[in-house]
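Visitor: Sequence first, then the predicted structure, then my questions.
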Amino acid sequence: MIFSITQVYWLAGLVMAAVAVFNLLDASNPKRWTTGLFWGLYAVMFLLGDKMPPEVVGAGVIVLALIVLVKGVGGGKPQVRSDAENKESALRLKNKLFVPALAIPVVTVIGSVLLKDFKIGGNFLIDPKNATLVSLALGCIIGAAMACKMTRESPVQSLRESRRLVDAMGWAMVLPQMLGMLGLVFSDAGVGKAVAHVTTTYINMDLRFVAVLVYVVGMALFTVIMGNGFAAFPVMTGGVGVPVLINIYNADPAIMAAIGMLSGYCGTLLTPMAANFNIVPAALLELPDRNAVIKAQVPTALGILVCNVFLLYFLMNH
Amino acid sequence: MDNSIINLWPLLGVAVIVVGFILRFNPFVVVVVTALVTAALAGFPVQKVLAELGTGFVKTRNLPLILVLPLAVIGLLERHGLRQHAQNWIGHIKSATTGRLLIVYLGARQLTAAIGLTSLGGHPQMVRPLLAPMAEGATETRYGKLPEALRYRLRAFSAATDNVGLFFGEDIFVAFGAIVLMTTFLHEAGVDVEPIHVAVWGIPTAICAFLIHSYRLHRLDQYIAKEMANAPSAASTTREGGAA
């Protein structure tokens, strides 16, 4: 294939390497050495992660955590333009400013939906297994080129802006990956099996409503622990869904699965473990409270969860 | 390991992370410590513990891509006033309130996700540069300068609306990964279902999600009106006294 996910990892690795170099060279950053080390190490894992022995990467992960522990990740003084300058170019460029920003989602959709199976000389244009991420990368490159041309800025300036935003997010940017890693460790260590064992052993599910409640709320709670519904679904469905709801109460499996997974998503709205959706946006929007997004979602998530209990209870034998 | 014996020790890993979050230790450190503790409790030798961390970290390299890649574009446009323009632009729509704007976005996000266009949104490429500034702009046009706490609340609601719209839209799309995961798992458990049925039965919850979150966004507008009536803002200080 012509554009593969490996190239996307290299691109991200190069951006992270640039972030490291800008920080190392920046005398205004009081933590420039540890910050540079953090992003530099992270860049190496992107560029060479699959070629290094896993034990070495694991040791690298611990070094990243140690740098965070000693509060070693910081940023320089960002060189932003004044409000007046911002307003002036906003007035000059007007709606044109939206074009490169919207190019990212539009190109991503075109690539992942329309060009997914497109071939040139027998080669896939876009890695079909990772069509969305590869298309996203293409969208970002096209968007960056448009933005540079329109604002007459250099590509180096766009890397400096990347660095400014990475600095603003800090280590929170790496947290989703850490939690993804933890999810894999949990499943290898058998946490799921243990949870299913405890749930089914200690709760009496002779009442249909209790069984539904355990399945729906269990999906949500287990998702809160694991950070994503995909990890919770096999555990709860294997432990409660199939043996109790389907085999004893004759639930329609399609309804059970659909409502079960969406109950897991209610859990996703509630947990810092779903860092990509909850913690990172708080950092990205520069909110002082790390949990502000979760707090805004609690009533919605609980409301939907209550609906799901009743929807499943009344619909499952329709 | 014998399959009939279930090792309950790894559950302590869950306890570690819960306690870590409750005591508000640094989440990054808590997660790495939890991974180490859980792998050790599962009885893995030291080298395997490290390898578990490394393999997991390399396998999940796709997660930060959506964050890292758009930054160059968004940063450059921000430097040239993208957020200011987004705020001005919404100011020209007279009927726009923050709640209504977010309700429209919620519906659009759910519908586009339901037909597979999940990438027409997201925090780095849509919420930070466009949605959140518009949500702030809509209120600012009506009431004047926002108190910081309210500004943060509007931003949090913008991020929340993107999440709710995505989550309760994407499961209606048949080709979505979650549907494949569900049908594959059920198939292995001896239960066969059609992916289209799973997708269709996501609709009742999707409707509930839209109604509940829209109601909360409607309430947000009322909350904003109340807050701004009490706040001594730039707009209200021009009038002397004013109705209490």
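Guide: Great, that's in hand.

Visitor: so where do the strands sit in the stretch 51-200 of chain A?
Guide: In the stretch 51-200 of chain A, the strands defined using DSSP state E, counting those that start in this stretch lie at A:119-120, A:123-124.

Visitor: Can you say which of these is nearest to residue A:213?
Guide: Nearest of the strands of the stretch 51-200 of chain A to residue A:213, taken as Cβ to Cβ: strand A:123-124 at 46.9 Å. C-beta coordinates here come from the backbone N, C-alpha and C atoms, glycine included.

Visitor: for the closest one, what is the average pLDDT?
Guide: Across strand A:123-124, pLDDT averages out at 82.

Visitor: buried residues in stretch A:156-175?
Guide: Across stretch A:156-175, burial judged by 16 or more other Cβ atoms under 10 Å in any protein chain shown covers A:157-175.

Visitor: how deep is residue A:309 tucked in, by neighbour count?
Guide: A total of 17 residues lie near residue A:309 under the criterion other Cβ atoms under 10 Å in any protein chain shown.

Visitor: For chain B, see how far away the closest residue to it other than its chain neighbours is.
Guide: Nearest non-adjacent residue to residue A:309, counting by Cβ to Cβ, 6 or more residues apart in numbering or on different chains: residue A:216, 5.0 Å away. Between residue A:216 and chain B the computed distance is 11 Å (Cβ to the nearest Cβ, to the nearest Å).

Visitor: which of the buried residues of stretch A:156-175 come close to chain B?
Guide: Restricting the buried residues of stretch A:156-175 to those touching chain B (Cβ under 8 Å from any Cβ of the partner chain) yields A:157-162, A:164-166, A:169, A:171-175.

Visitor: any idea how chain B splits into domains?
Guide: B:9-55, B:69-230 (automatic domain parsing).

Visitor: With respect to burial, which of those domains scores highest?
Guide: domain B:69-230 (a mean of 21; mean count of other Cβ atoms under 10 Å in any protein chain shown).

Visitor: Need the three-state assignment for residue A:264.
Guide: helix (DSSP: H, G, I helix; E, B strand; the rest coil).

Visitor: Give me the neighbour count for it.
Guide: Neighbour number of residue A:264 under other Cβ under 10 Å is 27.

Visitor: does any part of the helix or strand where residue B:218 lies sit near chain A?
Guide: Per DSSP states H and E, residue B:218 falls inside helix B:203-230. Yes - using Cβ under 8 Å from any Cβ, helix B:203-230 reaches chain A at B:204-206, B:208-209, B:212-213, B:216.

Visitor: Just the pLDDT for the residue nearest in space to the middle of chain B.
Guide: Note on chain B: the residue nearest the mean C-alpha position is residue B:163, at 3.5 Å, using Cα atoms, centre = their mean. According to the prediction, residue B:163 has pLDDT 97.

Visitor: so it touches residue A:297, yeah?
Guide: Yes - if you go by Cβ atoms under 8 Å, residue B:163 and residue A:297 touch, sitting 6.6 Å apart.

Visitor: any residues in contact with both of those two?
Guide: A:269, A:278 (Cβ atoms under 8 Å, 6 or more residues apart in numbering or on different chains).

Visitor: Where does pLDDT dip in chain B?
Guide: Applying pLDDT under 70 to chain B picks out residues B:1-5, B:232-244.

Visitor: Remind me which helix or strand the residue nearest to residue B:48 when sequence neighbours are not counted belongs to.
Guide: Nearest non-adjacent residue to residue B:48, counting by Cβ to Cβ, 6+ apart: residue B:39, 7.3 Å away. Taking DSSP H and E as the definition, residue B:39 sits inside helix B:27-41.

Visitor: ok so, going back, okay, the domains of chain B in CSV with distance to residue A:51 next?
Guide: Listed next are those as CSV, based on distance: least, Cβ to Cβ, whole Å:
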stretch, distance to residue A:51
domain B:9-55, 12
domain B:69-230, 22
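
Visitor: how about residue A:108, what does it touch?
Guide: Neighbour list for residue A:108: A:132, A:135-136, A:138-139, B:119 [criterion: Cβ under 8 Å, 6+ apart].

Visitor: Any chance of a markdown table for those residues, columns distance to residue B:193?
Guide: Listed next are the contacts of residue A:108 as a markdown table, based on distance: Cβ to Cβ, whole Å:
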| residue | distance to residue B:193 |
| --- | --- |
| A:132 | 25 |
| A:135 | 30 |
| A:136 | 31 |
| A:138 | 36 |
| A:139 | 35 |
| B:119 | 27 |
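
Visitor: Which two of those have the greatest separation?
Guide: It's A:138 and B:119 that sit farthest apart of the contacts of residue A:108, by Cβ to Cβ, at 11.9 Å.

Visitor: pLDDT averaged over stretch A:245-263, what's the number?
Guide: The average pLDDT within stretch A:245-263 is 95.

Visitor: meant to ask about stretch A:132-148
Guide: Stretch A:132-148 shows a mean pLDDT of 93.

Visitor: who touches the closest residue to residue A:280 other than its chain neighbours in this structure?
Guide: Once flanking residues are discounted, residue A:280 sits nearest to residue A:172: 5.8 Å by Cβ to Cβ, 6+ apart. Residue A:172 makes contact with A:275, A:279-280, A:282-283, B:28, according to Cβ under 8 Å, 6+ apart.

Visitor: Helices - which of these land there?
Guide: A:275, A:279-280, A:282-283, B:28 (DSSP state H).

Visitor: so what does the lowest-mean-pLDDT helix or strand in chain A touch, helix or strand wise?
Guide: Lowest mean confidence among the helices and strands of chain A (mean pLDDT, DSSP states H and E): helix A:83-93, at a mean of 78. Under the contact definition 3 or more Cβ pairs under 8 Å, 6 or more residues apart in numbering or on different chains; DSSP states H and E, helix A:83-93 sits against helix A:131-151, helix B:82-91.

Visitor: Out of the ones you listed, the one nearest residue B:187 is which?
Guide: Per Cβ to Cβ, nearest to residue B:187 of these: helix A:131-151, 24.4 Å.

Visitor: can you give me the angle the closest one makes with helix B:82-91?
Guide: 90 degrees (axes from the mean of the first three to the mean of the last three Cα atoms, to 10 degrees).

Visitor: I'd say residue A:15 and residue B:72 touch.
Guide: Yes - the criterion here is Cβ under 8 Å, and residue A:15 meets it with residue B:72 at 7.3 Å.

Visitor: overlap in contacts of the two?
Guide: Listed as contacting both residue A:15 and residue B:72 by Cβ under 8 Å, 6+ apart are A:159, A:162.

Visitor: now the helices for chain B?
Guide: Using DSSP H, helices in chain B cover B:11-22, B:27-41, B:46-59, B:65-68, B:71-79, B:82-91, B:98-114, B:132-143, B:148-170, B:177-188, B:195-200, B:203-230, B:234-237.

Visitor: Residues in contact with stretch A:13-20: which ones?
Guide: Contacts of stretch A:13-20 (Cβ under 8 Å, 6+ apart): A:35-40, A:42-47, A:159, A:162-163, A:166-167, B:68-69, B:71-72.

Visitor: How is chain A partitioned into domains?
Guide: Here the domain parsing of chain A from automatic domain parsing is A:1-173, A:181-315.

Visitor: Reformat the ones you listed into TSV and put distance to residue B:79 next to each item.
Guide: Converted to TSV, the domains of chain A look like this (distance: least, Cβ to Cβ, whole Å):
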stretch	distance to residue B:79
domain A:1-173	6
domain A:181-315	16
